[in-house]
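K.L.:
with the input below, show me the fold.
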Amino acid sequence: QSPLIENTERLINVFGNKNASLTPALGGFFDGLRALSVDASSEVLRTQVINDGQTLAARFNGLASQLDALDLETRQLATDKINAFNALAEQLTSINTNLAKASDVAKQPANLLDGRDQVLRDMAQITRISVSETLNGTVSVGIGPNITNATVVDGLNAIPIGISYLYTIPKTDALPLGHA
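P.N.:
Below you'll find the model as predicted:
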């Protein structure tokens, strides 16, 4: 959750920055329009409204650039986390393959079980997971509190997760299973 909190703070800072705030620029623009409506023939007021409009446009463009950069960084972070999670899922299926060679968890090498547990801890650092263990120590892993909702490791098979950015209004993101 740390990246979520950091990005939320950055978003608040983008809109809270007095130099980039829209409120003074909007106020100045509409005040200038109001003054121009009283004296429409004034070249000075016309020039001021144009300048205020350019300032307002620059603020909008600046905010848009900052939001685009935050969006790009957030997408990259999500992609990196998904790639790391998928690599861990593949690593876990390899461990499960070795664990499947014995019929009882008590007969498993300790280093193999330790490796499995470390991979599970690493997966849990990325997202909330649920785990189901068989008698021989192989595990299945799901995302979330219930393993049946979104299984990503089913014994010897990894089901990669991916991210798709749906360009609709408003923008919506999806995390489909089975797509790398």
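
K.L.:
from now on I want contacts and neighbour counts done on CA atoms only, so please keep to that.
P.N.:
Fine.

K.L.:
neighbours around residue 49, how many?
P.N.:
Neighbourhood size, residue 49 [other CA atoms under 10 Å]: 21.

K.L.:
doesn't residue 163 make contact with residue 79?
P.N.:
Yes: distance between residue 79 and residue 163: 7.1 Å, which falls inside the contact criterion (CA atoms under 8 Å).

K.L.:
what about the helices in this structure?
P.N.:
2-16, 22-38, 43-99, 110-126 (DSSP state H).

K.L.:
now render the ones you listed as TSV, adding mean pLDDT.
P.N.:
Shown next, in TSV, are the helices of the chain (pLDDT from 0 to 100):
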stretch	mean pLDDT
helix 2-16	76
helix 22-38	89
helix 43-99	90
helix 110-126	96
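
K.L.:
could you dump the ones you listed to CSV with distance to residue 142?
P.N.:
As requested, the helices of the chain are exported to CSV (distance: least, CA to CA, whole Å):
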stretch, distance to residue 142
helix 2-16, 22
helix 22-38, 44
helix 43-99, 10
helix 110-126, 10
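
K.L.:
nearest to residue 139 among those helices would be which one?
P.N.:
Closest approach to residue 139 among the helices of the chain is made by helix 43-99 (6.8 Å; CA to CA).

K.L.:
can you spell out which helices and strands pack onto the closest one?
P.N.:
Helix 43-99 is packed against helix 2-16, helix 22-38, helix 110-126, strand 151-154, strand 157-158, with contacts defined by 3 or more CA pairs under 8 Å, 6 or more residues apart in numbering; DSSP states H and E.

K.L.:
contacts for the second one, please.
P.N.:
Judged by CA atoms under 8 Å, 6 or more residues apart in numbering, the contacts made with helix 22-38 from elsewhere in the structure are 42, 45, 46, 48, 49, 52, 53, 55, 56, 59, 60.

K.L.:
then stretch 11-22 to CSV, C-alphas only?
P.N.:
Provided in CSV are the C-alpha atoms of stretch 11-22 (Å, rounded to 0.1, in the frame of the first residue of the first chain):
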residue,chain,number,x,y,z
LEU,A,11,-1.7,13.8,-6.5
ILE,A,12,-2.7,16.0,-3.6
ASN,A,13,0.5,18.0,-4.0
VAL,A,14,-0.2,18.5,-7.7
PHE,A,15,-3.5,20.2,-6.9
GLY,A,16,-2.4,21.8,-3.7
ASN,A,17,0.5,23.7,-5.2
LYS,A,18,-0.3,27.4,-5.2
ASN,A,19,1.8,28.1,-8.3
ALA,A,20,-0.1,25.4,-10.3
SER,A,21,-3.5,25.9,-8.7
LEU,A,22,-6.4,26.7,-11.0
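
K.L.:
now find how far off-centre that stretch is within its chain.
P.N.:
22 Å (CA atoms, centre = their mean, to the nearest Å).

K.L.:
that'll do, ta.
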